[in-house]
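Chemist: got a structure for you, letters missing:
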C-alpha cells in the first residue's frame with residue numbers, strides 16, 4: 001500500500017514591479033515584429049507598403065468631405081430619437097396648418113401668399129408621427145423633401161396660408177391652365193414644348209422647359225396634383241448632364257429662374273439643388289477675353305461659344321441674367337455667380353457708344369465693345385436690359401446707385417428720342433432710332449415698359465413715370481383691341497400723319513401672335529399699383545380672345561399666324577413655355593383682389609415672371 005502523496009509547494013518570490021517593464025515588453029514586441037517583418041519576402045513587404053500608401057492617399061482625398069460632414073453634424077440638433085434633423089436655422093421652414101388640406105379638399109383655389117415673419121411656422125404631424133411638409137393643402141411627404149443646405153438656411157421662404165376666395169375670372173384662368181397642362185402632360189410630358197394640333201412636341205434643349213417654367217405658376221394657383229406630378233419628374237428625370245448646347249439667356253431666365261423661384265415659394269431644397277447644378281454648368285459662358293458671356297453653353301462638356309455666324313452677343317441677353325445669378329450667390333454663399341454678372345453690368349456702365357442712355361443691340365465678346373452702332377430700340381435684343389437695370393436696383397435693396405443712374409438716364413433717352421404720338425387718336429408709343437432716323441415701329445415686347453415704369457414709380461421714382469406708364473398701357477391695349485381677333489400682332493407701325501388712316505398698321509409679316517405675356521404683365525402692375533379696375537377689364541377682354549382663337553380642343557393653346565382674320569387665324573401648332581410660365585400667371589395675379597398675393601414690396605419678377613425675393617436692407 002502506497003503511502004498518501006504529499007503536497008509539495010514551491011515558493012517563488014517576485015521582484016517589485018518595475019514601472020519600466022511595460023515599455024520593456026513593448027520593446028520586445030517591436031523586436032518580435034521586426035523579426036517577422038524581416039522574415040517576409042521582398043515581394044510581400046512591397047505589397048504591404050503599397051496597400052498602406054493607397055489607404056493613406058484615400059484618407060487624404062476624403063478629408064474635406066469628412067470635415068464638411070462633421071461640420072454639418074455639429075450644426076444640427078437631434079430629434080427625440082437621437083437622429084440629426086435639419087440645421088437649426090432651417091427649422092423655421094414655412095409650412096401651413098393642417099386646415100389648408102381640408103380647405104383645398106372642399107374647393108380648389110389659390111392660396112394667399114401673404115408674407116409673415118419666419119416665426120409663423122408650423123409642422124404638421126402625419127399619422128406615424130413624422131413631419132409632413134404642407135403647402136396650401138398639397139401634402140409633400142417627409143421623405144420627399146430635400147433639406148435646405150445650411151448656406152441657404154437664412155433665406156426667408158414665403159409663408160403660405162389657407163386659400164382665400166377666388167374671383168370668377170381667376171377660376172377661369174385656373175381652368176385654362178388645367179387645359180393647357182392637360183395637353184402638355186398627355187402629348188409632350190418631359191419635353192420642351194407642346195405642339196397641340198399635331199398632338200406631339202418639339203425640343204429646344206431637351207430639358208422640360210414648359211414643365212420647369214410652370215412650376216411656380218402651379219404653386220401660386222394652388223394646383224396640388226399637377227405640382228406633385230411635376231416635382232416627381234424634376235426629382236427623378238431632370239438631369240443636366242447632357243451633351244447639349246443651351247442658350248445662356250433662355251436657360252437662365254426659364255430654368256434657373258424657375259427653379260430658384262419655386263425653391264423660395266416652397267422651401268423644398270430639391271429645387272435649390274437643381275438650380276445650383278444648372279447654374280454651375282452655365283458658368284463657362286463667362287470665360288471670354290472680355291468677360292462678356294458667350295450666347296451658348298454646352299452644359300455637359302463645360303464649353304461655350306458665340307453663335308456660328310458672329311462673335312457678338314445681344315445686349316439684352318448678357319444683361320438680363322443678373323437677377324438669377326445674384327440670387328444663386330445669395331443662396332449658396334458662393335460669390336462667383338454674382339461677381340460674373342455684376343462685372344458685365346459695370347462694364348456696360350463704363351462703355352461709350354450709348355445715346356442718351358440708350359444702348360446698341362449687340363456687344364462683341366472678344367473686345368467687349370458695342371457693335372452695330374447707331375441703332376436703338378426697346379424691342380427685341382435690347383428690351384430687358386432696361387427692365388433689369390431697375391429690377392436689380394430693387395432686388396439689392398436700392399443701394400446700387402450706378403444701376404439707378406443708368407435706368408433714369410435711359411428713360412430720359414426714351415422720352416427725348418423714341419417717344420411719339422400717333423394719329424388720329426394720339427396714342428403714345430415708343431419707336432426706334434436707326435442712325436438718327438426715327439421709325440414708328442413698336443414690338444409687342446416693348447409692352448413690358450408700362451409695368452416697369454409703374455414699378456419704378458411705386459419704389460419712389462418720379463411720379464411722371466407713372467403717367468407715362470398709363471399712357472403706354474392704353475397703347476398696348478389698343479394693339480389688341482384694333483384687330484379682328486382682339487389679339488396683338490408681334491409688331492405694329494404707327495401712323496404719324498393726320499387724316500391718313502388708322503393709328504395702327506400691321507404688315508403681313510408681323511401679324512402673328514405667340515401667346516406673349518408683356519401686355520398682361522403691365523396690366524397686372526398697373527392694376528396692382530393704382531387699384532383701377534379698368535385694367536382688369538382690359539385683361540378680361542384679352543383673356544377671352546386667347547380662349548376663343550388659340551385654345552385647342554384636345555388640350556393646349558397655340559400661337560396663330562394672323563390676328564387680323566377672325567375666320568382663319570391660321571394656327572401655328574406651338575405652345576410656348578412662357579404661356580404657362582408668364583401669360584397665365586399674370587392673368588391670375590391681375591384678376592386677384594388680394595394685393596398681397598406675391599407682394600411687390602417683397603418680390604421682384606424676373607423677365608420670365610419668376611418671383612425672387614428682394615434682399616433685406618439691413
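Modeler: That came in fine, so what should we check first? The structure displayed is predicted, hence computed values, not measured ones.
Chemist: wait, residue 353 touches residue 370, no?
Modeler: Yes: with contact defined as C-beta atoms under 8 Å, residue 353 counts as touching residue 370 (4.0 Å). From N, CA and C alone the C-beta is placed, and that goes for glycine too.
Chemist: and those two? Which one has more around it.
Modeler: Neighbours per residue (other C-beta atoms under 10 Å) separate residue 353 from residue 370, with residue 370 holding more: 20 against 13.
Chemist: phi, psi for the more buried one please.
Modeler: phi -60, psi 150 (degrees, to the nearest 10).
Chemist: what's the pLDDT at it?
Modeler: On the pLDDT scale, residue 370 is placed at 98.
Chemist: pretty sure it contacts residue 359?
Modeler: Yes: using C-beta under 8 Å, residue 370 makes contact with residue 359 at a distance of 7.0 Å.
Chemist: joint contacts of these two?
Modeler: 315, 353 (C-beta atoms under 8 Å, 6 or more residues apart in numbering).
Chemist: residues contacting the residue most central in space within the chain?
Modeler: Residue closest to the mean C-alpha point of the chain, counted by C-alpha atoms, centre = their mean, is residue 257 at 1.1 Å. Residues in contact with residue 257 (C-beta under 8 Å, 6+ apart) are 323-324, 606, 608, 610, 612.
Chemist: where along the stretch 351-500 of the chain do the strands fall?
Modeler: 362-364, 370-371, 375-376, 419-421, 428-430, 432-434, 437-439, 441-443, 491-494 (DSSP state E, counting those that start in this stretch).
Chemist: low-confidence stretches in the chain?
Modeler: 1-39, 58-164, 618 (pLDDT under 70).
Chemist: redo that, cut-off 50
Modeler: For the chain, the stretches flagged by pLDDT under 50 are 1-30, 63-146, 148-153, 159-163.
Chemist: break it into its domains for me.
Modeler: Following the assignment in automatic domain parsing, the chain carries domains at 85-152, 168-613.
Chemist: and residue 607, what helix or strand is that in?
Modeler: For residue 607, there is no helix or strand it lies in under DSSP states H and E.
Chemist: for it, which non-adjacent residue is closest in space?
Modeler: residue 384 (4.6 Å; C-beta to C-beta, 6 or more residues apart in numbering).
Chemist: check residue 217 too.
Modeler: Going by C-beta to C-beta, 6+ apart, residue 217 has residue 585 as its nearest residue, at 4.4 Å.
Chemist: wait, the one you found touches residue 220, no?
Modeler: Yes: contact criterion C-beta under 8 Å: residue 585 and residue 220 qualify, at 6.5 Å.
Chemist: between these two, tell me which one has more neighbours.
Modeler: Using other C-beta under 10 Å as the criterion, residue 585 and residue 220 rank with residue 585 on top: 31 against 22.
Chemist: any residues in contact with both of residue 353 and residue 370?
Modeler: Listed as contacting both residue 353 and residue 370 by C-beta under 8 Å, 6+ apart are 359-360.
Chemist: most tightly surrounded among the domains of the chain?
Modeler: domain 168-613 (a mean of 20; mean count of other C-beta atoms under 10 Å).
Chemist: may I have the distance across it, first residue to last?
Modeler: Taking C-alpha to C-alpha, to the nearest Å, domain 168-613 runs 29 Å from one end to the other.
Chemist: on that earlier part again, just to be sure, the residue nearest to the centre of the chain is in a helix?
Modeler: Yes: using DSSP: H, G, I helix; E, B strand; the rest coil, the assignment for residue 257 is a helix.
Chemist: with adjacent residues omitted, what lies nearest to it?
Modeler: Nearest to residue 257 is residue 610, by C-beta to C-beta, 6+ apart, at 4.0 Å.
Chemist: and the one you found, what does it touch?
Modeler: Applying C-beta under 8 Å, 6+ apart, the residues near residue 610 are 216, 253, 257-258, 260-261, 581.
Chemist: now the helices for the stretch 351-500 of the chain?
Modeler: Taking DSSP state H, counting those that start in this stretch to define them, one finds helices in the stretch 351-500 of the chain at 383-395, 401-417, 449-458, 463-481.
Chemist: and the gap between residue 41 and residue 506?
Modeler: 92 Å (C-beta to C-beta, to the nearest Å).
Chemist: residue 481 reaches residue 537, doesn't it?
Modeler: No: here residue 481 does not reach residue 537: they are 11.6 Å apart, not a contact under C-beta under 8 Å.
Chemist: surely residue 484 meets residue 568?
Modeler: No: the pair residue 484 and residue 568 does not pass the contact test of C-beta under 8 Å, sitting 10.2 Å apart.
Chemist: give the next helix or strand downstream of the helix or strand hosting residue 329.
Modeler: Here residue 329 is covered by helix 322-332, with elements defined by DSSP H and E. Once the chain leaves helix 322-332, the next helix or strand it forms, by DSSP H and E, is helix 336-350.
Chemist: one step back: any chance of the helices of the stretch 351-500 of the chain in TSV, plus distance to residue 238?
Modeler: As requested, these are arranged in TSV below (distance: least, C-beta to C-beta, whole Å):
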stretch	distance to residue 238
helix 383-395	26
helix 401-417	33
helix 449-458	31
helix 463-481	36
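Chemist: closest to residue 193 out of the ones you listed?
Modeler: helix 383-395 (20.9 Å; C-beta to C-beta).
Chemist: chain center to stretch 319-329: distance?
Modeler: Between the centre of stretch 319-329 and the centre of its chain there are 9 Å (C-alpha atoms, centre = their mean, to the nearest Å).
Chemist: could you pull out the helices for the stretch 201-350 of the chain?
Modeler: Taking DSSP H, counting those that start in this stretch as the test, the helices found in the stretch 201-350 of the chain are 209-221, 224-236, 248-251, 257-266, 269-282, 315-318, 322-332, 336-350.
Chemist: so the nearest residue to residue 540 once chain neighbours are set aside is in which element?
Modeler: Closest residue to residue 540 apart from its sequence neighbours, by C-beta to C-beta, 6+ apart: residue 169 at 6.0 Å. Using DSSP H and E, residue 169 falls within helix 168-187.
Chemist: just how off-centre is that helix within its chain?
Modeler: The answer for helix 168-187 is 22 Å, by C-alpha atoms, centre = their mean.
Chemist: what do you get for stretch 176-196?
Modeler: Worked out by C-alpha atoms, centre = their mean, stretch 176-196 lies 20 Å from the chain centre.
Chemist: start and end of that stretch, how far apart?
Modeler: 14 Å.
Chemist: ok, stretch 278-291 next?
Modeler: 19 Å.
Chemist: not counting it itself, show me its contacts.
Modeler: 240, 246, 248, 251-252, 255-256, 259, 293-300, 302-304, 324-325, 328, 336-337, 340, 343-344, 347, 364-368.
Chemist: which residues sit in contact with the residue nearest to residue 540?
Modeler: 536, 540, 543, 591.
Chemist: which of the residues you listed sit farthest apart?
Modeler: So, the contacts of residue 169 by C-beta to C-beta: farthest apart are 536 and 543, at 10.1 Å.
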